[in-house]
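Undergrad: got a sequence here, can you model it:
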Amino acid sequence: HGGAINEAFSDVFGTGVEFFFQEPGSGPLTADYLVGEDLPIFGPIRSLESPQSLRLDGPALYPDHFGRRLRFAILIVEGTQAEPIVLAIFPLIFLDDQGNFFILGSTDFGAVHWNATILGHAFYLAIEGGQNATSGLMVQGVGAANREQIERVFFRAMTEIMPRFADFPIAAAVLCQSARDLFGVNSTVLRAVDQALLAVGL
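TA: Next up, the predicted model:
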């Protein structure tokens, strides 16, 4: 999870910088929730607004929910859950929580860029609001005029609170703590962050 969390925060900060320097809109050199959209050949490569609008490879889509995260397929032949004896790891075969298997052309270092869209989508929802396509949960965002509040929550979470080796549930708890510390327990910011994380399965 750690690599995907790192990549998610990279997408979030990159998006924040884009909105700081460019006018919102669509098209070249405008601020939006796409990553790599201005690349001449491959862009866009990820969407924080609608992760599942972009394909990874074949039928696989970027996940918009923790339950759709991609994981290596591992065959365990004996042992216990606490101490499994692993027979084989299939580095190009991934599965999600729905039992779907995907054969992809890359390992992506354990799906770090692919799974980054889970937290990236939570960032989008906390700002703009909307409905998560997988969970169906609605989020009341803080609004584009207050984007900086959510950016501050993510920045403080990463630079001051996030422990080493955090997984997705820990990252979600850290984001909520950051929102509480900065804006208070009854704030619209904490409500937006909490709703967004719940919507993406965290």
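
Undergrad: need the residues that contact the helix or strand encompassing E18.
TA: Secondary structure here is read from DSSP states H and E; on that basis E18 sits in helix 2-21. Applying Cβ atoms under 8 Å, 6 or more residues apart in numbering, the external contacts of helix 2-21 come out as 31-33, 35, 46, 48, 69, 109-120, 123, 147, 151, 154-155, 158, 162, 165-168, 171. From N, CA and C alone the C-beta is placed, and that goes for glycine too.

Undergrad: and these, which of them are buried?
TA: Listed as buried from the contacts of helix 2-21 are 31-33, 35, 46, 48, 69, 110-120, 123, 147, 151, 154-155, 158, 162, 166, 168, 171; burial here means 16 or more other Cβ atoms under 10 Å.

Undergrad: now, the residues you listed that are in strands?
TA: Judged by DSSP state E, strands contain the following of the buried ones among the contacts of helix 2-21: V35, R46.

Undergrad: rewinding a little: just how off-centre is the helix holding E18 within its chain?
TA: Chain-centre distance of helix 2-21: 10 Å, with Cα atoms, centre = their mean, to the nearest Å.

Undergrad: number of nearby residues for the nearest residue to A172 once chain neighbours are set aside?
TA: Nearest non-adjacent residue to A172, counting by Cβ to Cβ, 6 or more residues apart in numbering: L202, 3.7 Å away. Neighbour count for L202, taken as other Cβ atoms under 10 Å: 20.

Undergrad: going forward, begin numbering at 616 instead of 1
TA: Right, with 616 as the first residue, what we last looked at is L817.

Undergrad: against Q755, how distant is L817?
TA: The spacing between L817 and Q755, counted by Cβ to Cβ, to the nearest Å, is 17 Å.

Undergrad: for stretch 750-758, what is the average pLDDT?
TA: In this model, stretch 750-758 has an average pLDDT of 98.

Undergrad: what does stretch 685-705 give?
TA: Rounded mean pLDDT across stretch 685-705 is 65.

Undergrad: neighbours around the closest residue in space to V815 that isn't next to it in sequence, how many?
TA: Distances taken as Cβ to Cβ, 6+ apart place A737 nearest to V815, at 4.7 Å, with adjacent residues excluded. A total of 33 residues lie near A737 under the criterion other Cβ under 10 Å.

Undergrad: hang on, isn't A737 packed against D809?
TA: No. Using Cβ atoms under 8 Å, A737 is not in contact with D809; the gap is 10.1 Å.

Undergrad: which residue ranges of this structure form helices?
TA: 617-636, 723-730, 732-743, 762-771, 783-798, 803-814 (DSSP state H).

Undergrad: hey, least reliable of those helices by pLDDT?
TA: Among the helices of the chain, helix 723-730 scores lowest, with a mean of 76.

Undergrad: ok now that helix, how far from the chain's centre?
TA: The answer for helix 723-730 is 11 Å, by Cα atoms, centre = their mean.

Undergrad: next: stretch 800-816.
TA: For stretch 800-816, the distance to the chain centre is 15 Å (Cα atoms, centre = their mean).
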